[in-house]
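A.B. asks: here you go, sequence then predicted model.
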Amino acid sequence: MSNLKRLASKKLMFFWLALFLYWLKTYVTYKTEFNLGVKGPYQELLLALNPLSMGVLLFGLALFAKGRRSNVWIIIFASLLGAILYANVLFYRFFDDFITLPNVMQASNLSTMSGNVFAAMRWYDLWFFFDVAVLIALYLWKREVPEIRFRKSVATTAIVTAIALFVANLAMAEIDRPQLLARTFDRNYIVKYLGLYNYTIYDGIQTVQAESQRAYASSDDLTEIENYTVSRFAKPNEDYFGIAEGKNIIKIHLESFQSFLIDYELNGEEVTPFLNSLAAGAEDMTYFDNFFHQTGQGKTADAELMLDTGLFGLPQGSAFVTKAQNTYQSLPAILNQERGHESAVLHGDYKSFWNRDTMYKQLGIDQFFDASYYDMSEENTVNLGLKDKPFFEESIPMLQSLETPFYAHLISLTNHYPFNLGPEDATIERATTGDNTVDNYFQTARYLDEALEQFFADLKASGLYEDSVIMIYGDHNGISENHNRAMAEILGTEITPHQNAQNQRVPLLIRVPGMEGGVNHTYGGEIDVMATLLHLQGINAKPYVQFGTDLFSEEHDEIVSFRSGDYITPAYTSVNGVLYDTETGEILEPTEKTTEIQEKVDQQLDYSDRVLYEDLLRFHAIDGFEPIEPTDYHYGNPNKEPANEDQ
């Protein structure tokens, strides 16, 4: 015991113990909490190596302090690293992604979702601060240790070693993944190759650089991008161009709804019988069964951005928060100026969530019916806000109050992680995989399906149905890769990277009065919706800088770009640089054609990012289109006090 105490008092021994515990905790977390796609011993070696440079650097800096103060600084740095690690674990459990600096800027949203954060916590999470507890205990155990003096060369050696470790790590990573820091859109790559802590520094640098881009941008920067969007414009289908002119547009957002639910039976019972009937071609509906979400960290906000602007979400954070002062050429504004549509968003959450009250003004949305317009009593709310049944029921009078033609976007909420629903609302049994998230998912999906069926009945009774285009879409996946074991049981197949890409399908259903319905097998994504709706209204999408193509066009581009830089086409699926046959899942060797596809995907994402980061649309003038003036728009229920808006 006395020997152990002597070891605990040694300055370098404290350093080595802190470094070992930090490394062990980080490596175990990599293996148990994150899906990094590590393949082979070389990548495994990089995974084990990458935490060391940051640990040696910070703990080495602590050695510059005199005596026992160095141990205090080691404990402080260990606590900081533990907090970064645990924050990312919680974020990853919920979003299947890593935190970025723009996410931190969106902290008000995360606090609103505190219930979901608590749901992501586990009792064994105390592990993430075990090393700090050990270090504090050792520090307190041997308080009478005399001051130990070190030559500064010891600390300097540690700093030099940390730099050498990072350079070696980066060089090894570049061998396996060339141009890692220059080309990737996927944070998983950075964490896998360089580590979570180095990624955090990298993300901060990238964010600062992105913020500086706007100041140096000019109209010349837009020319190349404008030529690009014009060159890939898909001519509208003559049979459908203008077929919906003058009609209302009712856009229904299915929260976290994936296409595997369509026609899925749980214990012999249809989960979504009403949506099944629509997807089969009833109600003059066209169902796109190869439609994919393309969201990034912004999730729902990214989906809204793509559908209303034809721009991809950002690689980090959400444009709704970090680019809410940008100039946009939005679908609501174009419809208003070209066809006289009044626009409205209806949502059972308060207007400040996801910074919507600011962003919607930039998009030129006339009215925002947020939670202050609805009955938000306890029996009517669950998870993030209003239950879907009262939401859709109470929305009918608001739709009737709009001047026709109108463009209305209704955002559902109940089918949201962690998919909680009381027994009084559940009309189907839970699944039995043992994974609560997956098991609950079917009950909230059924509830949403029932709410949607009643909404259709109410639309018909109100007289709004017959003269309206009705679009239904899923915004993003509800079940992340963290639940692959349970999903394999549900789908009856192994969830490989290829299968996971296929699982990113979300439903898109469009009903146009007088237009024949049916199942459309065209491959497309959320980026294509704006061009599609414009052409149905008889508005040419070509003058606008947007990155989608009309889903009904014979020239539609069936390359679906994911925010990560992966892609899917009818023939090929690319995930983490591995190429698969889309139909069979067989691994393929890259060809000149697939290399060209990847280059197109990278270019599309890069151009979209430049439009947002540099706010390039402020330089884009279009004949007949007036720039949106956000000060013209004001939101808030005049009949209610705003006291509950911060709830």
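C.D. replies: Structure received.

A.B. asks: quick one: low-confidence parts of the stretch 201-350 of the chain?
C.D. replies: Within the stretch 201-350 of the chain, the stretches with pLDDT under 70 are 210, 283.

A.B. asks: could you pull out the helices for it?
C.D. replies: Counting by DSSP state H, counting those that start in this stretch, the segments of the stretch 201-350 of the chain that form helices are 219-231, 273-279, 300-309, 319-322, 331-339.

A.B. asks: out of those helices, which comes closest to Tyr473?
C.D. replies: Ranking the helices of the stretch 201-350 of the chain by proximity to Tyr473 (C-beta to C-beta) places helix 300-309 first, at 7.4 Å. For glycine as for every other residue, the C-beta is placed from the backbone atoms N, C-alpha and C.

A.B. asks: list the buried ones in that closest one?
C.D. replies: By neighbour count on 16 or more other C-beta atoms under 10 Å, the buried set for helix 300-309 is 300-309.

A.B. asks: ok so, going back, which among the helices of the stretch 201-350 of the chain is found nearest to Pro507?
C.D. replies: Taking C-beta to C-beta as the measure, the helices of the stretch 201-350 of the chain were each checked against Pro507, and helix 273-279 came out nearest at 7.0 Å.

A.B. asks: list the buried residues of the closest one.
C.D. replies: By neighbour count on 16+ other C-beta under 10 Å, the buried set for helix 273-279 is 274-276, 278-279.

A.B. asks: same check on stretch 313-333?
C.D. replies: Residues of stretch 313-333 classed as buried by neighbour count (16+ other C-beta under 10 Å): 313-324, 326-333.

A.B. asks: please put the alpha-carbon coordinates of stretch 200-220 into CSV.
C.D. replies: This file holds the C-alpha atoms of stretch 200-220, laid out as CSV (Å, rounded to 0.1, in the frame of the first residue of the first chain):
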residue,chain,number,x,y,z
THR,A,200,-13.8,18.8,-32.5
ILE,A,201,-10.8,21.2,-33.2
TYR,A,202,-11.2,20.6,-37.0
ASP,A,203,-14.9,21.3,-36.8
GLY,A,204,-14.3,24.6,-35.0
ILE,A,205,-11.7,25.7,-37.7
GLN,A,206,-14.1,24.7,-40.5
THR,A,207,-17.0,26.7,-38.9
VAL,A,208,-14.8,29.8,-38.5
GLN,A,209,-13.7,29.5,-42.1
ALA,A,210,-17.2,29.0,-43.3
GLU,A,211,-18.4,32.1,-41.4
SER,A,212,-15.6,34.2,-43.1
GLN,A,213,-16.6,33.0,-46.6
ARG,A,214,-19.6,35.4,-46.8
ALA,A,215,-17.5,38.5,-46.3
TYR,A,216,-15.3,37.7,-49.3
ALA,A,217,-18.0,36.5,-51.7
SER,A,218,-19.1,38.4,-54.8
SER,A,219,-21.5,38.0,-57.7
ASP,A,220,-18.7,36.3,-59.7
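
A.B. asks: 52 is where my numbering starts, stick with that
C.D. replies: Sure, I'll start numbering at 52, so the last one becomes stretch 251-271.

A.B. asks: show residues contacting that stretch.
C.D. replies: The set of residues external to stretch 251-271 that reach it, using C-beta atoms under 8 Å, 6 or more residues apart in numbering, is 135, 150-153, 232, 238, 241, 245, 367-368, 661, 664-667, 670.

A.B. asks: isn't Asn491 up against Gly473?
C.D. replies: No. Asn491 sits out of contact with Gly473 when judged by C-beta atoms under 8 Å, with a separation of 11.4 Å.

A.B. asks: these two: who's more crowded?
C.D. replies: Remark: of Asn491 and Gly473, Asn491 carries more neighbours, 19 against 10, as counted by other C-beta atoms under 10 Å.

A.B. asks: list of residues touching the strand or helix carrying Met105?
C.D. replies: Using DSSP states H and E, Met105 maps to helix 103-113. Helix 103-113 is contacted from outside by 66, 69-70, 73-74, 121-122, 124-125, 127-129, 131-132, 206, 208-210, 212-214, 216-217, 220, 246, 248-249, using C-beta under 8 Å, 6+ apart.

A.B. asks: which among the residues you listed count as buried?
C.D. replies: Buried members of the contacts of helix 103-113, counted by 16+ other C-beta under 10 Å: 66, 69-70, 73-74, 121-122, 124-125, 128-129, 132, 206, 209-210, 213, 216-217, 220, 246, 248-249.

A.B. asks: which ones among those residues map onto helices?
C.D. replies: The helices in this structure, assigned by DSSP state H, contain 66, 69-70, 73-74, 121-122, 124-125, 128-129, 132, 206, 209-210, 213, 216-217, 220, 248-249 from the buried ones among the contacts of helix 103-113.

A.B. asks: just the closest of the buried residues of helix 351-360 to Leu414, please.
C.D. replies: For the buried residues of helix 351-360, the nearest to Leu414 is Asp359 (5.8 Å; C-beta to C-beta).

A.B. asks: let me see the domain layout of this structure.
C.D. replies: According to automatic domain parsing, the chain is divided into the following domains: 53-264, 271-686.

A.B. asks: compare the mean pLDDT across the ones you listed and name the weakest.
C.D. replies: Taking the mean pLDDT of each of those, the lowest value is held by domain 53-264, a mean of 81.

A.B. asks: chain center to that one, what's the gap?
C.D. replies: Using C-alpha atoms, centre = their mean, to the nearest Å, the distance from the centre of domain 53-264 to the centre of the chain it belongs to is 25 Å.

A.B. asks: hmm, back to that, closest to Gly525 among the buried residues of helix 351-360?
C.D. replies: Nearest to Gly525, judged by C-beta to C-beta, of the buried residues of helix 351-360 is Ala354 at 8.5 Å.

A.B. asks: how much space between that closest one and Ile648?
C.D. replies: In this structure, Ala354 lies at 24 Å from Ile648, with C-beta to C-beta, to the nearest Å as the measure.

A.B. asks: now Gln451: closest residue in space that isn't a chain neighbour?
C.D. replies: Ser513 (6.0 Å; C-beta to C-beta, 6 or more residues apart in numbering).

A.B. asks: ok, that neighbour touching Ser446?
C.D. replies: No. With contact defined as C-beta under 8 Å, Ser513 does not reach Ser446; the gap is 10.4 Å.

A.B. asks: more neighbours, these two?
C.D. replies: Between Ser513 and Ser446, Ser446 has the larger neighbour count (other C-beta under 10 Å), namely 24 against 12.

A.B. asks: please name the nearest non-neighbouring residue to that one.
C.D. replies: Leaving aside its chain neighbours, Ser446 sits nearest to Leu397 (4.9 Å; criterion: C-beta to C-beta, 6+ apart).
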